[in-house]
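Colleague: The sequence isn't on hand, but the structure is:
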């Protein structure tokens, strides 16, 4: 293709890209303008590569190189801003939002941890109670997962030989499913979230009490104490986000229910994003640390206690300083 034909065919695209680039450089571009910018940038780079390969004159190649360089700088700058926003959310915005919604967090924590601890004690004192809550097949599976002689803890027989990265993926999908279910059920005027908080608490607590009562307490508790700091906290926070949705429907105030729900959803979804971060951390710890039998239980207890203190300190103190949000 001749250079003149190449220029006439693609000149409008280059001009449009240059105008978009100018808007970005001057800070006048809207948020939606960046959506198509990477695609336009890649297309410009393709045109530049073709022009260089075909030996077109520097009159054409040099301006395209300048546009490509400026485009690269804009993409890098916006990616840096995105990374900064994500970091700011994790280090400051999320824990601050948890504290702002402390009433929902408190109610969700009481429902979840209260039901968990209560049923764990009851099952420990009255062992047969476990079969009223968990099926015999599930009980047998749990006993196999936390048998002191197991090669990898916390894994069913069919997954015992799975690679750690496969288990990481399994834990992520399983835990996120529980969290999202607990959150989304809040749309039933909060009753769905209440149900799943209590339900999950009863299941986890019953298994905890049973395994402790039959003498598997050391393998079970040394397994869960590490990732439990993030996983159990995340379930409670997901429930708090769901309760926030439910309350917006129950008490919309001067707003319509749809408007009240929309405003509550904006905050609760942000809370749910932090929950997902917690669950990713929990899945990583569970797959690569909790399941190993090569580490002495007392070390796991020590690390687990430190992780619980870390989570508590993070949610209590992170984001309080002014510079944390800047």
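Modeller: Thanks, I have the structure now. The structure displayed is predicted, hence computed values, not measured ones. Numbers count the residues shown, from 1 in each chain.

Colleague: so where do the strands sit in the stretch 1-150 of the chain?
Modeller: In the stretch 1-150 of the chain, no strands are defined using DSSP state E, counting those that start in this stretch.

Colleague: Give the residue spans of it that score low on pLDDT.
Modeller: Along the stretch 1-150 of the chain, the model assigns pLDDT under 70 to residues 29-35, 77-83.

Colleague: so where do the helices sit in it?
Modeller: Here the stretch 1-150 of the chain has its helices, by DSSP state H, counting those that start in this stretch, at 3-25, 37-53, 58-88, 94-100, 102-125, 136-145.

Colleague: residues of the third one that come out buried?
Modeller: For helix 58-88, the neighbour count (16 or more other Cβ atoms under 10 Å) marks 60, 61, 64, 67, 68, 70, 71, 74, 75 as buried. All C-beta atoms are positioned from the backbone trio N, CA, C, and that covers glycine.

Colleague: cool, stretch 170-187 as well?
Modeller: For stretch 170-187, using 16+ other Cβ under 10 Å, the buried residues are 170-172, 175-176, 178-187.

Colleague: Next step: those restricted to strands.
Modeller: Residues from those lying in strands, with DSSP state E as the criterion: none.

Colleague: So which of those residues sits lowest on pLDDT?
Modeller: Least confident of the buried residues of stretch 170-187 in the model: residue 170, at 74.

Colleague: before we move on, back to that, can you tell me which of the buried residues of stretch 170-187 lies closest to residue 114?
Modeller: Residue 114 lies nearest to residue 182 out of the buried residues of stretch 170-187, by Cβ to Cβ, at 15.4 Å.

Colleague: that older thread, could you say which one of the helices of the stretch 1-150 of the chain comes nearest to residue 269?
Modeller: Closest to residue 269 of these, according to Cβ to Cβ: helix 94-100, at 10.8 Å.

Colleague: what's the closest one in contact with?
Modeller: For helix 94-100, contacts defined as Cβ atoms under 8 Å, 6 or more residues apart in numbering pick out 105, 237, 240, 267, 270-271, 273-274, 277, 314-320, 325.

Colleague: and these, which are buried?
Modeller: Judged by 16+ other Cβ under 10 Å, buried ones among the contacts of helix 94-100: 105, 237, 240, 267, 271, 273, 274, 314, 315, 318, 319.

Colleague: re the thing from before, identify whichever of the helices of the stretch 1-150 of the chain lies nearest to residue 202.
Modeller: In terms of Cβ to Cβ, the element of the helices of the stretch 1-150 of the chain nearest to residue 202 is helix 102-125, at 5.1 Å.

Colleague: which of the residues in the closest one are buried?
Modeller: For helix 102-125, burial by neighbour count (16+ other Cβ under 10 Å) applies to 104-105, 107-109, 111-113, 115-116, 119-120, 122-124.

Colleague: wait, doesn't residue 248 sit right on residue 266?
Modeller: No. Judged on Cβ atoms under 8 Å, residue 248 makes no contact with residue 266 at a distance of 10.4 Å.

Colleague: Of the two, give the one with the bigger neighbour count.
Modeller: Neighbour count, other Cβ atoms under 10 Å: between residue 248 and residue 266, residue 248 has more, with 26 against 9.

Colleague: mean confidence score for the lengthiest helix in the chain?
Modeller: Counting by DSSP state H, the longest helix found in the chain is helix 217-250. Regarding helix 217-250, the rounded mean pLDDT is 94.
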